[in-house]
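Student: any chance you can model this:
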Amino acid sequence: MSRPIAVITGAGTGIGAATATRLSADFDLVLTHRHDDTDLAAVVEAARRHGAQAHTVTGDLTVADTQTALRATIEQHATQLTALISNAGAYPRIPWSRTDPDVLRDQLELNLVTHAAVIRAATPVFISNNYGRIVAVSSVMTQLGRVDLAGYIAAKSGLEGLVRALARELGPHSITVNTVRPGSIEVPAEHHVVTDHAAMVRRQFDRQCIKRRGQPSDVAAAIAFLTTAEAGFITGQAINVDGGWHLS
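Tutor: From the prediction side, this is the model:
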């Protein structure tokens, strides 16, 4: 018996990779990653160890050719598609003084428009199937704000608005649309960009109710729940996975 299929963008590292591993117990996967590299190969191998088939689409999702390839793969597996996790994005720190209109447009393209394009590619399939689970990865920074992230936060705030609108529009087709907002999630790269890592960790613990670092697997667990049938009455929501950093 064939498994349902989940599409995960930005699946090569971090939250995307953890989500792929988590969902591979129950889904076959379509995984996107910017590069066909060892990171993606490791995620594919981990998924296969859990019994999942893993199909890959590599390339920059801001490029039309990559979007076309992903759309074709989605259409190929249309009858099995039940979940989309729109995770791909980036958060370069750029001071407001350097955030000219071109920089802002780049951030909107990367962290809003590509999400919309991926969701549009899957929406006709979900409508045809009268079922779907869409989860977009946002950021707790939409609630907190942060220096040097104006363009990123503006884009992610737009993504949350898009999700609320789509929850209204797609709900009649039994399609749920939600976001998760990761907080401070531990990734290897932070050890190379933070001068005093121990001090950074102490500051973060002071902000959070839960006194440990967040892990990609924490975010993956929330995403996994939102892909289930049991989450069918949850839509248009933004769920913080931040150890109680922002208490709404």
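Student: count the residues that sit near residue 247.
Tutor: When neighbours are defined as other Cβ atoms under 10 Å, residue 247 has 8 of them. Heads up, the C-betas are built off the backbone N, CA and C, glycines and all.
Student: run a quick neighbour tally on the residue nearest to it when sequence neighbours are not counted.
Tutor: The shortest distance from residue 247 to any non-neighbouring residue, by Cβ to Cβ, 6 or more residues apart in numbering, is to residue 209 (7.7 Å). Neighbour count for residue 209, taken as other Cβ under 10 Å: 10.
Student: number of nearby residues for the residue nearest to residue 239 when sequence neighbours are not counted?
Tutor: Distances taken as Cβ to Cβ, 6+ apart put residue 180 closest to residue 239, at 5.1 Å, once the chain neighbours are dropped. Under the neighbour criterion other Cβ under 10 Å, residue 180 is assigned a count of 28.
Student: just confirm residue 61 contacts residue 116, I think it does.
Tutor: No. Proximity of residue 61 to residue 116 does not meet the contact threshold set by Cβ atoms under 8 Å, at 10.9 Å.
Student: what about those two, which has more around it?
Tutor: Neighbour count, other Cβ under 10 Å: between residue 61 and residue 116, residue 61 has more, with 25 against 15.
Student: on the three-state scheme, that one is what?
Tutor: coil (DSSP: H, G, I helix; E, B strand; the rest coil).
Student: in the least confident helix or strand in the chain by mean pLDDT, what counts as buried?
Tutor: Lowest mean confidence among the helices and strands of the chain (mean pLDDT, DSSP states H and E): helix 190-193, at a mean of 73. Residues of helix 190-193 include none that count as buried (16 or more other Cβ atoms under 10 Å).
Student: quick one: strands adjacent to the longest strand anywhere in the chain?
Tutor: Determined from DSSP state E, the single longest strand within the chain is strand 175-182. According to DSSP bridges, strand 175-182 forms sheet pairs with strand 132-137 (parallel), strand 238-241 (parallel).
Student: tell me the spacing between the residue nearest to residue 247 and residue 246.
Tutor: Plainly put, residue 209 is 10 Å away from residue 246 if you go by Cβ to Cβ, to the nearest Å.
Student: re the thing from before, and the residue nearest to residue 239, what does it touch?
Tutor: By Cβ atoms under 8 Å, 6 or more residues apart in numbering, the residues touching residue 180 are 135, 136, 137, 138, 219, 222, 223, 226, 238, 239, 240, 241.
Student: for it, give its distance to residue 237.
Tutor: Between residue 180 and residue 237 the computed distance is 9 Å (Cβ to Cβ).
Student: re the thing from before, please work out the average pLDDT along the longest strand of the chain.
Tutor: The average pLDDT within strand 175-182 is 98.
Student: cool, and stretch 75-83?
Tutor: Mean pLDDT, stretch 75-83: 96.
Student: how far does that stretch stretch from one end to the other?
Tutor: Stretch 75-83 has an end-to-end distance of 13 Å (criterion: Cα to Cα, to the nearest Å).
Student: which residues touch it?
Tutor: 2-7, 23, 27-28, 30, 55, 74, 122, 125-126, 128-129, 131-135, 227.
Student: among these, which are located in helices?
Tutor: 23, 74, 122, 125, 126, 128, 129 (DSSP state H).
Student: can I get these in a markdown table including neighbour count?
Tutor: Formatted as a markdown table, those follow (neighbours: other Cβ atoms under 10 Å):
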| residue | neighbour count |
| --- | --- |
| 23 | 25 |
| 74 | 22 |
| 122 | 23 |
| 125 | 22 |
| 126 | 25 |
| 128 | 13 |
| 129 | 16 |
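Student: same list (the residues you listed) but as TSV, adding distance to residue 195.
Tutor: Shown next, in TSV, are those (distance: Cβ to Cβ, whole Å):
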residue	distance to residue 195
23	36
74	43
122	42
125	47
126	46
128	52
129	50
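Student: no further queries at this time; thank you.
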